[in-house]
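Chemist: I need the structure of the sequence given here:
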Amino acid sequence: MRPLTLALPILSLLSPSRAWGAVGHEIVATIAQIHLHPSAKSALQSLLPEYTNGHLAPVASWADRVRMFRLSAGGGIWI
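Modeler: Numbering: from 1, shown residues only. As a prediction, the model looks like this:
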């Protein structure tokens, strides 16, 4: 058991992390929207753009899209 507890943190550092990605963010947004209080859900729907049809998932992955655009724009080195 002891070697396994030492190996797991080291192995996790070796593999690159891709975080959740767009699909993961959309799934979490859908689950969160299902659990919203009705008054919070209507307030949220009034803030969302029309193309979302009142759903949070289409805008939940904006950070993934911005990150990809920013990294391809050049500039400094990202570490």
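Chemist: may I have the phi/psi pair for the spatially closest residue to residue 32 that is not a sequence neighbour?
Modeler: Leaving aside its sequence neighbours, residue 32 sits nearest to residue 56 (CB to CB, 6 or more residues apart in numbering; 6.9 Å). Quick note: C-beta positions are derived from backbone N, CA and C, even for glycine. Per-residue torsions, residue 56: phi -80, psi -30 (degrees, to the nearest 10).
Chemist: low-confidence stretches in the chain?
Modeler: Residue ranges of the chain with pLDDT under 70: 1-4, 7-8, 10-19, 67-79.
Chemist: on that earlier part again, and the residue nearest to residue 32, how far is that from residue 39?
Modeler: Between residue 56 and residue 39 the computed distance is 16 Å (CB to CB, to the nearest Å).
Chemist: mind listing what's buried along stretch 36-55?
Modeler: By 16 or more other CB atoms under 10 Å, the buried positions in stretch 36-55 come out as residue 55.
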